[in-house]
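>>> Give me the fold of what follows.
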Amino acid sequence: MCTAFVSIEPGAAVPVLLLSVRDEFAGRSWLPPDHHWPDRPALIGGLDLAAGGTWLAVDPERRVGACLLNGFGPLAPAHARLSRGELPLVAVQEGGIGHLDLTPYDPFHLVTVRPDGARVASWGGGRLTERELPSGLSVVLNDGLEGLAPTRTTSERIRALMAARAVHFRARLAAAPRPAPTGDGPAERAWGDWLPIVTGDGLALDADAALIQRRDFGDGRIWGSSSISLLALGPDGLRYDFAPAPVPADGGGWRRVAVD
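Numbers count the residues shown, from 1 in each chain. Alright, predicted model coming up:
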């Protein structure tokens, strides 16, 4: 149950902000953001060691980023299935994914951010839809932009959890002063009042509205948040902050990812 919040304020010093939380089964190995792909040396992102792709990729030269959320709906044919972790890499390097044959991919939502805006591409049920995000604060869930994808979960419990999270954190982020992350300072200074909110806002990991979560759905496997990524994109640069989740109570663990 990954989550992405996108804030767009065209007149701000830093017009586009992205908060991306990756959720995954515990035990799925990964590496933190770096230049992990020799065939794409300019790109930066975390590496999923199970499939070789990523959940979030950044091209510092183009000042563009893309994060991936799994979707719901009919799965790709097993004999032809490709990893969705390639899609953020393709999106930031090639300017999108509209030219791809998407039939080998399971459903997904791909959020692409630029200094002048953001777009969501959703694939499910054999159909690709793309939408430019409006100014203000938007949320993308596994049920799509604002939870309104044509193909959504059939689980009432999962739908309720996503709705609770979206309502709680939209209100909290909207009420806090919008940050303008620039310069070389630490994450605490760059992201201001948003940082304690995005690290969980004091909610228990199993609370219905938890953004940073850990859940046992009863099948012996633990599902939870593994990392938090923050991107700030503006006319003068790109800032990328990253932390494994959950973040310690003292707020440590944040790292500014070098994009120069």
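
>>> Please count neighbours and contacts with C-alpha atoms only from this point.
Will do.

>>> Tell me the confidence at Ala149?
Per-residue pLDDT puts Ala149 at 93.

>>> Quick one: residues contacting it.
Ala149 sits next to Ser122, Asp143 when contact means Cα atoms under 8 Å, 6 or more residues apart in numbering.

>>> Show the low-confidence segments of this protein, by residue range.
1 (pLDDT under 70).

>>> Need the outlier residue of it, farthest from its centre.
Of all residues in the chain, His79 has its C-alpha farthest from the mean position, at 28.1 Å, by Cα atoms, centre = their mean.

>>> quick one, phi/psi of Arg172?
Main-chain dihedrals, Arg172, degrees, to the nearest 10: phi -70, psi -40.

>>> and the closest residue to it other than its chain neighbours, which of the three is it?
Nearest non-adjacent residue to Arg172, counting by Cα to Cα, 6 or more residues apart in numbering: Ile197, 7.2 Å away. Here Ile197 is helix, with the state taken from DSSP: H, G, I helix; E, B strand; the rest coil.

>>> Please tell me I have it right and Ile197 contacts Ala175.
No. Contact between Ile197 and Ala175 fails when scored by Cα atoms under 8 Å: they sit 10.8 Å apart.

>>> more neighbours, these two?
Ile197 (16 against 11; other Cα atoms under 10 Å).

>>> what residues are up against the more buried one?
Going by Cα under 8 Å, 6+ apart, the list of residues near Ile197 reads Phe169, Arg172, Leu173.

>>> Of those residues, which is the most crowded?
Phe169 (20 neighbours).

>>> Show the contacting residues for that residue.
Ile197, Leu211.
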